[in-house]
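In: Okay, sequence plus prediction incoming.
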Amino acid sequence: MGIFDFMKNAGEKIFKPGEARKEAAIKGHLGGFGSDYAGIDVEVDGDTVVLSGRVPSHAAREKAVLIAGNVDGIDKVDDRLTVTAASGAGVSPGSTPDFSNVSGGVASTERGVGAGAATGGLGSPGGEGGASQFYTVKSGDTLSRIAKEFYGEASKYPQIFEANKPMLKDPDKIYPGQMLRIPPEV
């Protein structure tokens, strides 16, 4: 749980001009990514989205934050989601990731990748072998360049692409300001 920062003027344009009820637009946008997001309640206060409710896995939780945050006009996501099912050994149903290493959505130990920045582990325990990280795409970045920095091999970019589906539809189409989920190396 925590508040995660995004670039306000980057992301998918889902709001209609003058739209007063942004909650419905974001809820519909989340729903377009599958049934994992049906149990999420959405509130919008200015440029901050508050996500609450239940999701079936830690990966779904991480993706929900990214889906809501990678919307043009959204600056922050307040994650109040609860995971309902265990995603691996040693994780009990209803548990939440360990966010102790995250401060305001940005980890206390940032590292640069090209011009981008890692923004912390979300503590995704269990099935994926460790904590995922968030990465903010900067101009000139490619999934190969990001994979080289995080995994030591550019050829491992499909891991990042798969972890961000269905938000990413093409590994060659990422944009500056977009936040990506970087799973632990397999």
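Out: Now that the structure is in, tell me what you want to look at. None of the values given here were measured: they were computed from a predicted structure.

In: just the strands in this protein please.
Out: 2-5, 40-45, 48-55, 76-83, 102-103, 106-107, 112-113, 116-121, 133-136, 179-182 (DSSP state E).

In: Which one of those has the poorest average confidence?
Out: Ranked on mean pLDDT, the bottom entry among the strands of the chain is strand 102-103, at a mean of 30.

In: Spatially, what comes nearest to P158 if we skip its sequence neighbours?
Out: Leaving aside its sequence neighbours, P158 sits nearest to P171 (C-beta to C-beta, 6 or more residues apart in numbering; 7.3 Å). C-beta: built from backbone N, CA, C; applies to glycine.

In: Just the pLDDT for the one you found.
Out: 95.

In: do you know how far it is from F161?
Out: P171 sits 4 Å away from F161, going by C-beta to C-beta, to the nearest Å.

In: Quickly list what's touching both of the two.
Out: Residues touching both P171 and F161 by C-beta atoms under 8 Å, 6 or more residues apart in numbering: L143.

In: quick one, what contacts Y157?
Out: T142, L143, S144, I146, A147, P171 are the contacts of Y157 under C-beta under 8 Å, 6+ apart.

In: Sorry, wrong one. I was asking about I14.
Out: Counting by C-beta under 8 Å, 6+ apart, I14 has contacts A25, I26, G28, H29, V71, D72.

In: Weed out the non-buried ones from these.
Out: Among those, those buried by neighbour count (16 or more other C-beta atoms under 10 Å) are A25, I26, H29, V71.

In: Have a look at this protein and report the helix or strand with the lowest mean pLDDT.
Out: Ranked by mean pLDDT, DSSP states H and E, the weakest helix or strand in the chain is strand 102-103, scoring a mean of 30.
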